[in-house]
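[1] Quick one, structure for this:
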Amino acid sequence: MTEELPFFTPDTPLNVYCFEGCVPDSLLEGCRTLAGSWVEAGHSYLFFTGQADTFVRVLLQQRQDLKFVDRYQMTYREWQGEQPELLEIGKFAITPPWAAPATDKNLLPMILDPGLVFG
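    So this is what the prediction gives:
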């Protein structure tokens, strides 16, 4: 069984939790509202599509080496910055999921979510 990735629109609300320390991927398995995570400069950033205070509280109980720093709320648009639209490269019409598809029937459609593909 493959796990379905969440679909984001520019207005999808995100809750971003920041920690000092590395949150191992094994502790994130099974969290349905987790949209993604990354570690940078000794900090872990967890992105959720909903409020995750209970999950974070349990995580901090399990890993006392982690320190909660802050929680940020923003839309997917705010996180991504500039919103890409249709991009034609060769015979490909590359669009994010929220953009209108190409009307040129000679182009091969390719739908990519820039936040999931490029981080």
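
[2] make it CA atoms for all contacts and neighbour counts henceforth
    Will do.

[3] pull the longest helix from the protein.
    The helix that spans the most residues within the chain, counting by DSSP state H, is helix 53-62.

[4] Give me the mean pLDDT for the next helix or strand after that helix.
    Of the helices and strands lying after helix 53-62 in sequence (DSSP states H and E), the nearest is strand 67-75. Mean pLDDT, strand 67-75: 93.

[5] What helices and strands are in contact with strand 67-75?
    Packed against strand 67-75 by the contact rule (3 or more Cα pairs under 8 Å, 6 or more residues apart in numbering; DSSP states H and E) you find strand 13-20.

[6] The helix or strand just after the strand it packs on pairs with which strands, parallel or anti?
    Heading C-terminal from strand 13-20, the first helix or strand you meet, by DSSP H and E, is strand 34-40. Strand 34-40 has its sheet partners listed here by DSSP bridges as strand 43-48 (antiparallel).

[7] residues in contact with the partner strand?
    14-23, 33-39 (Cα atoms under 8 Å, 6 or more residues apart in numbering).

[8] quick one: contacts for residue 72?
    Contacts of residue 72 (Cα under 8 Å, 6+ apart): 15-17.

[9] What's opposite it in the beta bridge?
    residue 16.

[10] distance from the centroid: which residue in the protein tops it?
    In the chain, counting by Cα atoms, centre = their mean, residue 106 sits farthest out from the average C-alpha position, at 31.8 Å.

[11] wait, is that residue part of a helix?
    No - counting by DSSP: H, G, I helix; E, B strand; the rest coil, residue 106 falls outside a helix, being coil.

[12] Pretty sure it sits against residue 88.
    No - Residue 106 is beyond contact range of residue 88, at 11.3 Å (criterion: Cα atoms under 8 Å).

[13] how close does residue 15 get to residue 47?
    According to Cα to Cα, to the nearest Å, residue 15 and residue 47 sit 6 Å apart.
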